[in-house]
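A.B. asks: Turn this into a model:
(2 chains)
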Amino acid sequence: MVSPRYQTAFKLYPYKKVPDQDDSPARHPVVIIGAGPVGLALALDLGMRGTPALILDDHEGPGLGSKAICFAKRTLDIATRLGAGQQMVEKGIVWNVGKVFHRSDKIFEFNLLPEAGHRNPAFINLQQPYFEKFLHDAIRDARQHGAPIEVRGMNRVTSVCPSDDHVLLDVETPDGSYQIKADWLIACDGARSPTRDMLGLTFDGRVFEDNFLIADVRMKADFPTERWFWFEPPFEGAGQSALLHKQPDDIWRIDFQLGWEIDREKELHPDRVRARVDAMLSSQTGAVPAYELEWTSIYTFQCRRMEAFRHGRVFFAGDSAHQVSPFGARGANSGVQDAENLAWKLDLVLKGVADEALLQSYAHEREFGADENILNSSRATDFMTPKSENSQIFRDAVLEMASRAPFGQAFVNSGRLSVPCIYDDFPLFGPDALDGPARTRPGAACPDAPVGNGFLLDHLTGHFVLLVLGGDEPPPVSAFGITTAVMHLAEVSPELAERYLGAAKQAVYLIRPDQHIVARWPTFDADAVARCIALALGKDTS
Amino acid sequence: MTLNLNPNINDADGFYQELLAVHDGLSKAESDALNARLILVLANHIGDRTVLREALEAAK
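C.D. replies: Predicted coordinates:
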């Protein structure tokens, strides 16, 4: 028996008995636990590279409820490479204007004015079940083109036993249990990761003493597609802060910060939730529009991470490895970046191109990414919930000054939206020999830019690429089992020049499969490129 | 010189965190005293009486 832990939004991967169950233990190169955003993205990335990926999930589809709703550009860029981005952007809600209120006063308004010349918007609002569905649709498409990806629903991993050359799993199904041997195991099983518990690993960090009530309501309202955020909302029972944000399907996300000492059962009672929502909505329109409560939940959060994201043959990715507050949308977004970071490395190790040493860089790089996200999300939380009288005085002074002078707005922090971290001075990155723009220095993820009738990132399809701007077209470089693709552009769009050339006349970029820049030079030098390929593969060439 | 009221601090979030951190563990009276010393230090650095007068006005 595999009893459900939650309701699902819809079925994507119904249980089906497979031959492995009668012929156990079968061996698989990569087993992923959990078919959430991170597990699906990882399996898709591996499968598209031809490396078999098996996902085990103890349900048959995504959990009910919006959950993560804000997906950032970097995530959309990754999803686009994986063949799911367009569907997400078409379904999602794009917004640019935000309004910040303190009590009844609007203290300022911002327009994100996203930079032109990118395929994807700065971010979209989209319910997590849709995000998972679009990834799963892409898995189905990829499978039809031969990608070896399998998702087994109602397969619950009940024990994890690592050894030197494999990890042995016990898996419970409606037809009884069986065993699987995995070369590599990736736990993408969420903040309460059973895998982490089974291995007795700790997950330490900071608990924030606060409760947030989420009410997703369905209504046809004329509110503009904007993000509205209140500090000390003027409407009754709203707590210390409140948020109104639009999702697809006429769903609105409403968030109330209720404080620490509350009775959860009582606060989740529909009458009580409705009273709060009524007060918020009528404060803006003078009347309460007709609406239905779609989903409600009370959550508390912590900012914490595992000390190490890799334990031998077991990797942790996404919420199982790190947990942040929701402010800044750094949870699911950073998890998808974990998946992207790990996929190409595992693939090259399994194909024998790279040594296992490369895998350690996953932990090193993504632990750094998690620290940056935890730092940003802790700061936002501290701003929203001042923890001392003095913090409260400064916070209120900032809000007061923000309505009077532009500098004050820079301090107002209701979440800094997720951007990819830059791996400055990390060992897998090479020299910055170009006097180029800071944003495209080695370690950074490539920003998009127009190329011909399309975009730059369309050409960075998951392999090592030499991007050559101006000058002559060099030959591909082959070294250490890698042959780079060459993308030579004799003519450079103004946006591409601004983002990749700056004052330089021409440039050569080596870009790794996850679209992070390894190194850059003013001119082509095959030996220098080969040395940086070795570096990017974690080879010891000394 | 006139008072700059536009964003002017690199990594404002980082500065804000440091600003609050120096108050950790202080009583209200100690925090007030620290804030007063801080204002004096910053005012002395600015020096320019016109700017300081504008700052006093902006904060009122």
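
A.B. asks: need the strands for the stretch 101-250 of chain A, in chain order.
C.D. replies: Ranges of strands within the stretch 101-250 of chain A are A:105-111, A:123-125, A:149-152, A:156-162, A:167-173, A:176-187, A:204-218, A:226-231, A:241-247, based on DSSP state E, counting those that start in this stretch.

A.B. asks: so what pLDDT did A:Leu510 get?
C.D. replies: Here the pLDDT value assigned to A:Leu510 is 98.

A.B. asks: excluding its backbone neighbours, what's nearest residue 22?
C.D. replies: Because you didn't say which chain, this covers chain A. If the residues on either side of it in the chain are set aside, A:Asp22 comes closest to A:Tyr178, at 7.9 Å by Cβ to Cβ, 6 or more residues apart in numbering or on different chains. Placement of C-beta: from N, CA and C, glycine included.

A.B. asks: my question was about chain B
C.D. replies: For B:Val22, the spatially nearest residue (Cβ to Cβ, 6+ apart) is B:Leu34, at 6.6 Å.

A.B. asks: Could I get the contacting residues of the one you found?
C.D. replies: Neighbouring residues of B:Leu34 by Cβ atoms under 8 Å, 6 or more residues apart in numbering or on different chains: B:22-23, B:26.

A.B. asks: ok, and the most crowded of these?
C.D. replies: Most neighbours among the contacts of B:Leu34, by other Cβ atoms under 10 Å in any protein chain shown: B:His23, with 19 neighbours.

A.B. asks: which SSE is that one in?
C.D. replies: Counting by DSSP states H and E, there is no helix or strand that carries B:His23.

A.B. asks: my guess is it contacts B:Ala33, does it?
C.D. replies: No - B:His23 is beyond contact range of B:Ala33, at 10.7 Å (criterion: Cβ atoms under 8 Å).

A.B. asks: if we look at stretch A:75-88, which residues are touching it?
C.D. replies: A:41, A:44-45, A:48, A:71, A:89, A:119-121, A:123-124, A:126, A:130-131, A:134-135, A:137-138, A:141-142, A:332-333, A:336-337, A:339-340, A:418, A:445, A:448, A:457-458, A:460-462, A:515.

A.B. asks: ok, so what distance separates A:His118 from chain B?
C.D. replies: 24 Å (Cβ to the nearest Cβ, to the nearest Å).

A.B. asks: my bad, should have said A:Trp184
C.D. replies: Following Cβ to the nearest Cβ, the distance that separates A:Trp184 from chain B is 37 Å.

A.B. asks: With A:Asp263 instead?
C.D. replies: 31 Å.

A.B. asks: What's the local residue count around that residue?
C.D. replies: Count around A:Asp263 with other Cβ under 10 Å applied: 9.

A.B. asks: did I read that right, the residue nearest to B:Val22 in a strand?
C.D. replies: No - counting by DSSP: H, G, I helix; E, B strand; the rest coil, B:Leu34 is not found in a strand; it is helix.

A.B. asks: Could you check the pLDDT of it?
C.D. replies: The model's pLDDT for B:Leu34 equals 97.

A.B. asks: likewise A:Lys99?
C.D. replies: Reported pLDDT for A:Lys99: 91.

A.B. asks: you'd agree it is in a helix?
C.D. replies: No - under three-state DSSP, A:Lys99 sits outside any helix and is assigned strand.

A.B. asks: That one is in contact with A:Asn111, isn't it?
C.D. replies: No - contact status for A:Lys99 versus A:Asn111: not in contact, 10.3 Å apart, counting by Cβ under 8 Å.

A.B. asks: Out of these two, name the residue with the larger neighbour count.
C.D. replies: In this view A:Lys99 and A:Asn111 are compared by other Cβ under 10 Å, and A:Lys99 has more residues nearby, 16 against 9.

A.B. asks: show me the contacts for the more buried one.
C.D. replies: A:106, A:108-109, A:226-229 are the contacts of A:Lys99 under Cβ under 8 Å, 6+ apart.

A.B. asks: Contact partners for A:Val157?
C.D. replies: A:33, A:56, A:58, A:169-172, A:194-195, A:198.

A.B. asks: does A:Thr80 sit in a helix or strand, and which one?
C.D. replies: helix A:73-81.

A.B. asks: What separates the first and last residues of stretch A:314-333, distance-wise?
C.D. replies: 22 Å (Cα to Cα, to the nearest Å).

A.B. asks: quick revisit: derive a ChimeraX selection command for the buried subset of the contacts of A:Lys99.
C.D. replies: In ChimeraX, a selection of the buried entries from the contacts of A:Lys99 looks like this (16 or more other Cβ atoms under 10 Å in any protein chain shown):
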select /A:108,226,227,228,229
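
A.B. asks: Kindly reformat the contacts of A:Lys99 as CSV containing pLDDT and distance to A:Ile511.
C.D. replies: Converted to CSV, the contacts of A:Lys99 look like this (pLDDT from 0 to 100; distance: Cβ to Cβ, whole Å):
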residue, pLDDT, distance to A:Ile511
A:Lys106, 91, 43
A:Phe108, 89, 38
A:Glu109, 89, 37
A:Glu226, 87, 36
A:Arg227, 89, 33
A:Trp228, 91, 39
A:Phe229, 92, 37
